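**Q** take this sequence and fold it.
(one chain, ligands or ions: 2)
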Amino acid sequence: MPVVVFPSPVGFLSLLLAVCVAASGCATLDEKRKESPYFSEDRFRNIDNDEGITDKGFWSLVRWKLFSRREAEVIPDAADESPATKKITAADLIAPPGKMRITWIGHATAFISVHRDGRVTNILTDPVFGGIFTVSRRTEMPLPKEALPPVDLVVVSHSHYDHCDLDDLRFLNEKNPQLKIVLPEGQREWGLKNGLRGAEDMRWWTKQNVGGVELHFLPAQHWSLRVPGDRMQFHWGSYAFVAGKTAVYFAGDTGYASHFRRIAEKFPQGFTAALMPIGAYAPRWFMKPTHIDPPEAVAAALELKAKIILPVHWATFRQSDEKMMEPILYLQREAAAKGIRYRHWVPGESYEIDIR
Ligand SMILES: [Zn+2]
Ligand SMILES: [Zn+2]
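**A** Residues are numbered from 1 along each chain as shown. Ligands and ions are numbered 1, 2, ... in the order given. I've put the predicted structure just below:
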């Protein structure tokens, strides 16, 4: 099942062709994955029953793309154009002393700069700087990737191409020789074989210190696939970044499931901010097991006791049936109804936090 999908049958068929070309490479698997407590019956698992994911094979995709009717729009007057990016410089990304600055680069890519005890730690989530396969990027980069400041840590939530771009990971590793690239459990071997010297992987519920930040790898409800043969052979997940009493959550790609409650139990103090995906939700019959919609993003953020939602995974790539501006307008409505704050931002804009 492809990762990025087109709304039109023609686009869908051209994507299938692209996937066939990509599939001419072979899967790179790590024998050690089988030792994971989250790996059984030849694949990584979700916490909850995940038949909703595994039951949806190729023919469900064909049904969606070629035969199913569009679901009614939630926000009927939402525009189908992506917002204009705010252009910035490298200096704009760096947090001042005692602060954490989170900048949306586009899609699931956020630049998190932590300035604590005289030391700056720069983090990128799911770095993807260009288009993917034949899918064009609809928001410009806030700055050229060559202009990015030094990066200490990259975290990848899962292997789908809209989150894990090998060329961009290689670019970052070459530019930052000391870079640590954290991948989900089972994917380290793939990273090393593909020339990512800084590749390592983490298991759910483990943590490590990177610079002035405590990094936690946590569950999500999703799946993984790059080429035939590696479907669900690399895990997927979410991350938390903790500095002092400040904790920021990055949800990756996820359906709504019990992991949010479990994470909330582990972080009873809640989160200062939560980077939540809000796009790629329509049609619900197809997307619900693997992608939350804005009401579910709000419910999850409330469960996590997040003080503010920083919405990502919208406007950048067309992956699903909803119009480009619908996710943020839908979030606006739901956040107001449930009394939670959210950042109404465009790529290049930031949210800043005092580190306590
Ligand atoms: Zn995904
Ligand atoms: Zn995604």
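**Q** can you pull out the helices in the stretch 201-350 of the chain?
**A** Ranges of helices in the stretch 201-350 of the chain, per DSSP state H, counting those that start in this stretch, are 259-266, 284-287, 294-303, 326-338.
**Q** let me fix that: the stretch 51-200 of the chain
**A** 51-54, 58-62, 90-93, 166-175, 188-193.
**Q** so Asp50 sits against Gln221, correct?
**A** Yes. With contacts counted by C-beta atoms under 8 Å, Asp50 reaches Gln221, the gap being 7.0 Å. The C-beta positions use only the backbone N, C-alpha and C, and glycine is treated the same way.
**Q** look at the two and report which has more neighbours.
**A** Regarding Asp50 and Gln221, a neighbour count based on other C-beta atoms under 10 Å identifies Gln221 as having more, with 26 against 20.
**Q** and the gap between that one and Lys56?
**A** To Lys56, Gln221 is 13 Å away according to C-beta to C-beta, to the nearest Å.
**Q** now swap in Thr125 and tell me
**A** In terms of C-beta to C-beta, Thr125 sits 26 Å off from Lys56.
**Q** okay, these two: which has more neighbours?
**A** Thr125 (25 against 19).
**Q** tell me the pLDDT at the closest residue to ligand 1 within the stretch 51-200 of the chain?
**A** Nearest residue of the stretch 51-200 of the chain to ligand 1: His160, at 3.6 Å (C-beta to the ion). For His160, the model assigns a pLDDT of 97.
**Q** neighbours of it, just the number please.
**A** 25.
**Q** might one say that it is in contact with Phe234?
**A** No. The pair His160 and Phe234 does not pass the contact test of C-beta under 8 Å, sitting 10.0 Å apart.
**Q** which residues are in contact with both of those two?
**A** Contact with both His160 and Phe234 is made by residues Ser224, Arg226, according to C-beta atoms under 8 Å, 6 or more residues apart in numbering.
**Q** beta-bridge partners for Gln208, please?
**A** Leu215 (DSSP bridges).
**Q** against Pro150, how distant is it?
**A** Noted for Gln208: a distance of 20 Å to Pro150, by C-beta to C-beta.
**Q** what parts of the stretch 201-350 of the chain come near ligand 1?
**A** Contact residues (C-beta under 5 Å from the ion) of the stretch 201-350 of the chain with ligand 1: Asp253.
**Q** how about the residues of the stretch 201-350 of the chain by ligand 2?
**A** Residues of the stretch 201-350 of the chain lying near ligand 2 (C-beta under 5 Å from the ion): Asp253.
**Q** all the strands of the stretch 201-350 of the chain, residue numbers only.
**A** With DSSP state E, counting those that start in this stretch as the criterion, the stretch 201-350 of the chain has strands at 206-210, 213-218, 238-243, 246-250, 273-277, 308-312, 341-342, 350-354.
**Q** name the strands paired with the shortest one and say parallel or antiparallel.
**A** To tie it back to what came earlier, the one meant is strand 341-342. strand 308-312 (parallel).
**Q** what's in contact with the strand it pairs with?
**A** 102, 104, 107-110, 272-278, 297-298, 301, 327-328, 331, 335, 340-343, 345, 351.
**Q** joint contacts of Gln221 and Lys56?
**A** The contact lists of Gln221 and Lys56 share Pro289, where a contact means C-beta under 8 Å, 6+ apart.
**Q** in PyMOL, select just the buried ones from the contacts of strand 308-312.
**A** A single PyMOL command selects the buried members of the contacts of strand 308-312 (16 or more other C-beta atoms under 10 Å):
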select buried, resi 102+104+107+108+109+110+272+273+274+275+276+277+278+297+298+301+327+328+331+335+340+342+343+345+351
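**Q** the bottom helix or strand of the chain by mean pLDDT?
**A** helix 9-22 (a mean of 57; mean pLDDT, DSSP states H and E).
**Q** spit out the contact partners of the residue nearest to Pro184 when sequence neighbours are not counted.
**A** Leaving aside its chain neighbours, Pro184 sits nearest to His235 (4.0 Å; criterion: C-beta to C-beta, 6 or more residues apart in numbering). Neighbour list for His235: 33, 36, 38-39, 44, 158, 184-187, 203-204, 224 [criterion: C-beta under 8 Å, 6+ apart].
**Q** and of these, the nearest to ligand 2?
**A** His158 (8.0 Å).
**Q** circling back to that earlier point, intersection of neighbour lists for Asp50 and Gln221?
**A** Pro289.
**Q** which pLDDT value belongs to Ile53?
**A** For Ile53, the model assigns a pLDDT of 85.
**Q** my error: substitute Val3 in the last question.
**A** At Val3, pLDDT is 44.
**Q** same question for Leu225.
**A** Note for Leu225: predicted pLDDT of 95.
**Q** now Arg69
**A** pLDDT recorded at Arg69 is 78.
**Q** again, but for Ser60
**A** At Ser60, the model reports a pLDDT of 79.
**Q** now do the one 5 residues further on
**A** With respect to pLDDT, Lys65 scores 76.
**Q** now the residue most central in space within the chain: closest residue in space, sequence neighbours ignored.
**A** Geometric centre of the chain, nearest residue: Gly252, 3.4 Å, by C-alpha atoms, centre = their mean. Spatial nearest neighbour of Gly252, excluding adjacent residues (C-beta to C-beta, 6+ apart): Ser157 at 3.0 Å.
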